[in-house]
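A.B. asks: Okay, here's the prediction I keep looking at, along with the sequence it came from:
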Amino acid sequence: MTKEKESTNKNNELSNLRDDINSIDTDIIKLLTKRRNVSKEVVQFKESSVIPVRNKEREKEILNKLIEEGKKSGLDSHYITTIFNTILADSVRVQHTHIQDKLNPNSNLDIARVAFTGIEGSRGHVAACQHMDRKGVEGAYVSCKSFNQLFDLLESGKAEYALLPVENTISGGINEAYDFLLQRRPSIIGEEKLRTTHSCFAMSPITAGDIKIIYATPDDLQQCSSFIDKLGDVEIRYVRYSAQAIENLKKDKSKNTAAIGFLSASLTEGLEVVSDEIANHRESFTRFLVISRKPVEVDPQIPSKTSLVIATGQEPGALVNALLVFQEYGVQMSKLESRPLLGNPWEEMFYVDIDGNVKEERIIAALNDVTKRVRFIKVLGSYPKDGIDAAKLGPNSEAVSNKTKKKEIATAKAPSIKTDSKSESYRLGSRAYKAEDTVIDVKGVKIGGDNFLVIAGPCSVESEGQINDCAKHAQEQGVQILRGGCFKPRTSPYSFQGLGYKGLEFLVNAGKHYGLPVVTEVLAPEDVQKVSETADILQVGARNMQNFTLLNEVGKTSRPVMLKRGMSASILELLQAAEYILNQGNQQVFLCERGIRTFETATRNTLDLSAVPVLRSKTHLPVIVDPSHAAGERDLVIPLVLAAKAVGAHGVMVEFHPEPAKALSDGPQALLYSQLEDMMQQIA
């Protein structure tokens, strides 16, 4: 056979395979369409039977079964979970849209005119398209150069909806937008959250080093300051909106001129991308409010949010007195933004977001009570929340194992031991200060309360492949938080000290990919800020329990802190160390018993399990146990985990490794994969 004929045969074979893939993809689209249509029929049945839209227990059951089926075909649980939640989100949105359209028939238009600030392809335009796609309504999009023009179009009836950007996760609230909400009084009927990526554009291919002039908003410059600093001596020309930066770039004749803007602008404006992803922080989101002339009614089955604005008196404690009402009625407040009250120097208006429907009895009662305590109150709108909670596996999941579950171990409750006068030295952490248990929420994972938490991972992050493999196994077994050491305090200076920030990058990426929050140790005060930008939880290790400079520094962050007991520290000293963190403003602290140094040498340390009930009687802070460092031997870890649960710990932190014998640190105490699986079965 000639080479030409062999090449032709291979091309034909590849073409046939591609045809097969195309055929399969077409079948998938047909099945997705069929499923969506069935979802519409389901919601109609639920309406007539008064059945809630979501049944999370059923969703969990279905996910477990699908994962088991997927395993038989070689598909991992993360792949199945991702696809399932994407389809689930679509199904819930379809049902929510159907309910809302039926409740608000006048809003169900064939074509809706939507106003946004910016040019085609800008953040506002993308958010507007995203909102109308979710509604299933065709949009006629109207570009505006200012907020004033946007509100004029809305109020004159030339647009049915408008997208107003109100805050960014990096730069905070957009003050002008809040001022317009008060001055023009629209009705908020929805919200959209858009991931924003910053890029540098030019009209022709150039490098970053060629740039002499750059157009950008002050806000974009702030978010991309590291990129700007690297450019050296460039002339910065400020604009009011990101869209103006792009427009000015097109008008400018200089080859060495650039602009900072939203990535999708390049797709519609034909610009050259000089550099993309140039923001200091990659995870940046902009929140838009969807506004209209008239309010919408939200069905009680749909999770909703209510936005309002209040003005309090000038007497001391007036704002606190008003906001405490929400706590009294069990209402979650998710946003508080202050703005000067125009015309009244040194007085403030407060914008507040609360979770709940303005038609709910508890919300009505709470707002009535707030009204009695403020000078001014205005409900700006009650609307469906953006985002749908994904179905997740936990340690109680049937997908963890189909083996026979062992007898459940009773979890002890906090005993009623009276606190002593020494509690004054840890006032903020004491039961006298706060009687109820603190529960810390980390990306939906609860630490404290009635939850039993499992944190697991390798002692050290050794490579990208190693931590990814550990994260995958942890997620499949129902572990809730991934641990990994990036900066390692070692007794010997010749031992492996960790990969540092490169290891942190590997850990964070693995956690994001498998949907697991991550915890890692910080050693030095100067590292706290940088580590806290990406890690979900900061760990203060046993050797640093009384490093008061470090404790103060982590106390200034907004990240939860896990404080480990020093190997020779008393319980009182542990509580006093926690007080340093709490005293700086960070109330998200949980304690970790990891064994203390005694005369006994049978184990690496002596695990003081009695510390758990004692701590729970003295403090409202969650308490977990680290049996890996206490025992120093993997075969002792599981019995100590079960003992920790029995004495009332809120969770455990254990180490495991793909190949413990080759681990660069603490290999003897790391569980094998099979042991982690066995442990999760017994906990469940």
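C.D. replies: Looks like it came in fine.
A.B. asks: What segments of the stretch 51-200 of the chain are helices?
C.D. replies: If DSSP state H, counting those that start in this stretch is used as the criterion, the helices of the stretch 51-200 of the chain fall at 56-72, 77-103, 123-135, 147-155, 175-184.
A.B. asks: Which strands or helices does the second one pack on?
C.D. replies: With contacts defined as 3 or more Cβ pairs under 8 Å, 6 or more residues apart in numbering; DSSP states H and E, helix 77-103 has these neighbours: helix 3-49, helix 56-72, helix 123-135, helix 464-477. For glycine as for every other residue, the C-beta is placed from the backbone atoms N, C-alpha and C.
A.B. asks: rerun at 7 Å
C.D. replies: With contacts defined as 3 or more Cβ pairs under 7 Å, 6 or more residues apart in numbering; DSSP states H and E, the packing partners of helix 77-103 are helix 3-49, helix 56-72, helix 464-477.
A.B. asks: what bridges to Val540?
C.D. replies: With DSSP bridges as the criterion, Val540 is bridged to Leu563.
A.B. asks: what residues are up against it?
C.D. replies: Contact criterion Cβ atoms under 7 Å, 6 or more residues apart in numbering gives 522, 550-551, 554, 561, 563-564 as the residues in contact with Val540.
A.B. asks: switch the cut-off to 8 Å
C.D. replies: Under the criterion of Cβ atoms under 8 Å, 6 or more residues apart in numbering, the neighbours of Val540 are 521-522, 547, 550-551, 554, 561-564.
A.B. asks: Determine which two of those are furthest apart.
C.D. replies: Within those, Asn547 and Met562 form the most distant pair, 14.6 Å apart (Cβ to Cβ).
A.B. asks: Please say which of these two ends up with more neighbours.
C.D. replies: Between Asn547 and Met562, Met562 has the larger neighbour count (other Cβ atoms under 10 Å), namely 27 against 19.
A.B. asks: Can you give me every residue that contacts the nearest residue to the more buried one once chain neighbours are set aside?
C.D. replies: Spatial nearest neighbour of Met562, excluding adjacent residues (Cβ to Cβ, 6 or more residues apart in numbering): Gln539 at 4.7 Å. Residues counted as contacts of Gln539 (Cβ under 8 Å, 6+ apart) are 483, 519-522, 561-562, 564.
A.B. asks: Give the residue spans of the stretch 351-500 of the chain that score low on pLDDT.
C.D. replies: Applying pLDDT under 70 to the stretch 351-500 of the chain picks out residues 391-423, 490-491, 494.
A.B. asks: How are the helices of it distributed by residue range?
C.D. replies: Counting by DSSP H, counting those that start in this stretch, the stretch 351-500 of the chain has helices at residues 361-371, 464-477.
A.B. asks: Equivalent analysis for the stretch 551-684 of the chain, please.
C.D. replies: Taking DSSP H, counting those that start in this stretch as the criterion, the stretch 551-684 of the chain carries its helices at 571-583, 611-618, 627-631, 634-646, 673-683.
A.B. asks: Tell me which of the ones you listed is the most buried.
C.D. replies: Across the helices of the stretch 551-684 of the chain, the average number of neighbours (mean count of other Cβ atoms under 10 Å) peaks for helix 627-631, which reaches a mean of 25.
A.B. asks: Now distance to Gly317 and mean neighbour count too, for the helices of the stretch 351-500 of the chain, in a markdown table please.
C.D. replies: Supplementary listing: those in a markdown table, determined by distance: least, Cβ to Cβ, whole Å; neighbours: other Cβ atoms under 10 Å:
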| stretch | distance to Gly317 | mean neighbour count |
| --- | --- | --- |
| helix 361-371 | 15 | 16 |
| helix 464-477 | 46 | 21 |
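A.B. asks: quick one, which of these is nearest to Glu247?
C.D. replies: helix 464-477 (42.1 Å).
A.B. asks: What is the closest one packed up against?
C.D. replies: Helix 464-477 sits against helix 77-103, strand 453-457, strand 481-483, helix 501-513, helix 673-683, with contacts defined as 3+ Cβ pairs under 8 Å, 6+ apart.
A.B. asks: which residues sit against the second one?
C.D. replies: This means strand 453-457. For strand 453-457, contacts defined as Cβ under 8 Å, 6+ apart pick out 395, 445-447, 467, 470-471, 474, 477-484, 519, 624, 650-656, 676, 680, 683.
A.B. asks: For it, output the C-alpha coordinates as PDB.
C.D. replies: As requested, the backbone C-alpha atoms of strand 453-457 are provided in PDB (Å, rounded to 0.1, in the frame of the first residue of the first chain):
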ATOM      1  CA  LEU A 453     -16.500  17.800  59.500                       C
ATOM      2  CA  VAL A 454     -13.800  15.900  57.800                       C
ATOM      3  CA  ILE A 455     -10.700  17.700  56.600                       C
ATOM      4  CA  ALA A 456      -8.200  15.600  54.800                       C
ATOM      5  CA  GLY A 457      -5.200  15.700  52.400                       C
END
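A.B. asks: That one pairs with which strands?
C.D. replies: Applying DSSP bridges to the sheet, strand 453-457 is found paired with strand 481-483 (parallel), strand 651-655 (parallel).
A.B. asks: What residues of the longest one count as buried?
C.D. replies: It refers to strand 651-655. Of the residues in strand 651-655, those buried under the neighbour-count criterion (16 or more other Cβ atoms under 10 Å) are 651-655.
A.B. asks: Kindly report the same for stretch 62-79.
C.D. replies: Within stretch 62-79, the residues that count as buried by 16+ other Cβ under 10 Å are 63-64, 66-67, 70, 77-78.
A.B. asks: one step back: nearest to Thr601 among the helices and strands packed on helix 464-477 would be which one?
C.D. replies: When these are compared by Cβ to Cβ, helix 673-683 sits nearest Thr601, at 24.0 Å.
A.B. asks: Tell me the first helix or strand C-terminal of the host helix or strand of Thr520.
C.D. replies: Element membership for Thr520 (DSSP states H and E) is strand 518-521. Using DSSP H and E, the next helix or strand after strand 518-521 towards the C-terminus is helix 525-532.
A.B. asks: follow-up on the earlier one: between the helices of the stretch 51-200 of the chain, which one is closest to Val273.
C.D. replies: Closest approach to Val273 among those (Cβ to Cβ): helix 123-135, 16.6 Å.
A.B. asks: how big is the angle separating the closest one from helix 77-103?
C.D. replies: With axes from the mean of the first three to the mean of the last three Cα atoms, to 10 degrees as the basis, helix 123-135 and helix 77-103 are set at 80 degrees to each other.
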